[in-house]
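>>> Here you go, sequence then predicted model.
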Amino acid sequence: MLWLLLLHISAVLCWCGTLLYLPALIAGTTSLQSTSEQQHHVSMVLTIYRLILTPAALITIVSGTTLFVVGEIADTWLILKLTLVATLVLCHALMGWMILLVQESSNRNIAPFCALIGAGTIILILSIIWVVLTKPF
């Protein structure tokens, strides 16, 4: 079970790190001048989303679910944590939607939305860490 916990923590670090980095990459796409640079940047952002962010999220969710099923954990703090994680998944999906918006029309000013999603992601990650470390209930 220790190896499963290690897998979960490693995947969480990859997922959360990429979630924090991706809004800046998305916002940086609109500041590029040439269309070829924008297209290259959008393809790089999309590659990071598909090959790093999404697999890390899936590994995190599957390993975390396996941990509480195998460990027979059914405490109140876990329900709060899962609610926060579900909201983090929503941020993940919103980033994918923003990538699609930038891909369709790179002239949009999407930086405020990226800042909002980035701030929300930071708050959610810190909240999840607090719930896991303190188990307040």
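All right, it came through fine.

>>> C-alpha only now, for contacts and for neighbours.
Will do.

>>> List the contacts of the least confident helix or strand in the chain by mean pLDDT.
The helix or strand of the chain with the lowest confidence, counting by mean pLDDT, DSSP states H and E, is helix 35-48 at a mean of 87. Helix 35-48 has contacts (C-alpha atoms under 8 Å, 6 or more residues apart in numbering) with L22, L25, I26, T29, T30, L32, I99, V102, Q103, S106.

>>> ok, the third one - contacts?
If I follow you right, that is I26. Counted by C-alpha under 8 Å, 6+ apart, I26 has contacts V42, V45, M98, I99, V102, A111, C114.

>>> where does the residue nearest to the fifth one when sequence neighbours are not counted sit relative to V70, distance-wise?
Spatial nearest neighbour of V102, excluding adjacent residues (C-alpha to C-alpha, 6 or more residues apart in numbering): R108 at 6.9 Å. Plainly put, R108 is 47 Å away from V70 if you go by C-alpha to C-alpha, to the nearest Å.

>>> Ok, C16 next?
Plainly put, C16 is 24 Å away from V70 if you go by C-alpha to C-alpha.
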